[in-house]
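Enquirer: Below: sequence and its predicted model.
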Amino acid sequence: MLYIYLLKIDADRRNLLNISSENGDISVTSKICTNIQSAENCKEFSETIRQISNYNNVDNSSAQQPQPPQEAPEAFFKWFAGIVDGDGNFDLRNINNKLVLKAIRIKLHDRDVRILTYIQNTLHMGRIRADKNKPHSMWIVSTKEEMLFLINELNGLIRLKVDSFKKSCEYLNVEYVEANYNISENDPYLAGLVDTDGTIVYNYAGNRIECNLEFENNKYTSKLNLDNVIPHYKPSVAFRESHKSITFKYQTVKGMVFLYDYFMKNRLYSDFKFYRISKIKRFIEVRDYNNEPKNSIEFKIYSDFILDWIQYRNPLWHKVPFVSKIR
């Protein structure tokens, strides 16, 4: 059944994966050999899902050379750089007075685990571990060959995790390339940042949907120029001395349609955030109904929309202060 299902997806059979299970005998012919394994071998994390790239599947006794992972599109790595700058980690450790890169990790809330599976399925490498005690999961790459591949692909794209990325480059003998901080139009990098560190919120007082980013204010974040990423929509930039942070806010009514257009071209893989973005067009149609009488059909359409928007995958929706005003 699995073979028939995949065959329907790819009639030419060019992109089918070779899926092996330690607990079963499912096998599908593939151009790229990928194994999926399940294990419970970590104290902090329980179930582990691995995809082992061709680096790990080569018979060392043969003359065959390891092939790099399946080539991902350039846009993917721009988005991926935003993910790494947001919630990525280069696990550098001092071993025998030498700095060693042990792993590259991305840790996210389980609500956004689809981001990790998308990365794993695109790169065909790494393993995902679910935390036993907290609602978090982590994607991990730890072989030197795979880390070298990622460092080379990310070189010239990392803008915030620069210090640890530079050290990782040094460990792997890769010449560091500085990224351009003037992010270009429709660059997917912003989508990666929003997928991890961004928020999509409803501003009740302003009756608008906003996209906000907040980072620690340092020499790297202060260089970020997002003015050109979303055509016709520049974010407001502010510094919060009390939090020692810098914020980028897309928060105008007229700009909502441009926000929508950007994320339709550069989709979010956080289902929670993408759902909120996808509702912007409908919101523009009904937002003026908030001025109608509370017992009118117009206000009911408006309030139903807002309640649906705020409730989606949000277990704390009932604690949002403005909810009582529109129910």
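Expert: Noted; the coordinates are in hand. Numbering: from 1, shown residues only.

Enquirer: Tell me the spacing between E146 and A179.
Expert: 22 Å (C-beta to C-beta, to the nearest Å). Using the backbone N, CA and C atoms, a C-beta is placed for each residue, glycine as well.

Enquirer: now do F274
Expert: F274 sits at a distance of 25 Å from A179 (criterion: C-beta to C-beta).

Enquirer: List the strands paired with the helix or strand encompassing K107, with their directions.
Expert: In this assignment (DSSP states H and E), K107 forms part of strand 98-109. Partners of strand 98-109 in the sheet, by DSSP bridges, are strand 88-95 (antiparallel), strand 136-141 (antiparallel).

Enquirer: Just the buried positions in the longest one, please.
Expert: Which is strand 88-95. Within strand 88-95, the residues that count as buried by 16 or more other C-beta atoms under 10 Å are 88, 90, 92.

Enquirer: Please enumerate the helices of this protein.
Expert: Taking DSSP state H as the criterion, the chain carries its helices at 2-9, 74-87, 113-123, 144-154, 162-171, 189-197, 256-265, 271-278, 280-286, 297-311, 323-326.

Enquirer: and K254, which of the strands paired with strand 98-109 is closest to it?
Expert: Of all the strands paired with strand 98-109, strand 88-95 sits nearest to K254, with 33.8 Å by C-beta to C-beta.

Enquirer: Now do that closest one: everything it contacts.
Expert: Where contact means C-beta atoms under 8 Å, 6 or more residues apart in numbering, the residues beyond strand 88-95 that reach it are 99-107, 161, 164-165, 167-168, 171.

Enquirer: Looking at the residues you listed, which one is closest to D261?
Expert: Nearest member of these to D261, counting by C-beta to C-beta, is I106, at 27.3 Å.

Enquirer: most packed of the helices of the chain?
Expert: helix 189-197 (a mean of 25; mean count of other C-beta atoms under 10 Å).

Enquirer: which other helices and strands contact that one?
Expert: Applying 3 or more C-beta pairs under 8 Å, 6 or more residues apart in numbering; DSSP states H and E, we find helix 189-197 packed against helix 74-87, strand 208-216, helix 256-265.

Enquirer: May I have the last one as CSV, with CA atoms only?
Expert: Only the C-alpha atoms of helix 256-265 are listed here, as CSV (Å, rounded to 0.1, in the frame of the first residue of the first chain):
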residue,chain,number,x,y,z
MET,A,256,-1.2,43.6,5.8
VAL,A,257,-1.8,42.6,2.2
PHE,A,258,1.9,42.8,1.5
LEU,A,259,2.7,40.7,4.5
TYR,A,260,0.2,38.1,3.1
ASP,A,261,1.8,38.2,-0.3
TYR,A,262,5.3,37.7,1.0
PHE,A,263,4.4,34.7,3.1
MET,A,264,2.4,33.1,0.3
LYS,A,265,5.6,33.2,-1.7
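
Enquirer: Residues contacting it, please?
Expert: The contact list for helix 256-265, computed with C-beta under 8 Å, 6+ apart, reads 186, 190-191, 194, 208-209, 211, 229-233, 250, 274, 277-278, 280-281, 283-284.

Enquirer: same question, stretch 314-327
Expert: 204, 272, 290, 302-303, 306-307, 310-311.

Enquirer: please redo it, this time with the cut-off set to 6 Å
Expert: 204, 303, 306, 310-311 (C-beta atoms under 6 Å, 6 or more residues apart in numbering).

Enquirer: Including pLDDT, could the residues you listed go into JSON lines?
Expert: Shown next, in JSON lines, are those (pLDDT from 0 to 100):
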{"residue": "Y204", "pLDDT": "93"}
{"residue": "S303", "pLDDT": "95"}
{"residue": "I306", "pLDDT": "95"}
{"residue": "I310", "pLDDT": "94"}
{"residue": "Q311", "pLDDT": "94"}
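
Enquirer: just those now: which is nearest R129?
Expert: Q311 (29.9 Å).

Enquirer: if I look at the nearest residue to the closest one once chain neighbours are set aside, how far off is V229?
Expert: Spatially, and ignoring its direct neighbours in sequence, Q311 is nearest to W317 (4.6 Å; C-beta to C-beta, 6 or more residues apart in numbering). Look at W317 and V229: by C-beta to C-beta, they are 30 Å apart.

Enquirer: K265 now?
Expert: To V229, K265 is 11 Å away according to C-beta to C-beta.

Enquirer: now do D261
Expert: From D261 across to V229, the span is 12 Å (C-beta to C-beta).

Enquirer: Please apply the same query to G82.
Expert: Distance, G82 to V229, using C-beta to C-beta: 11 Å.
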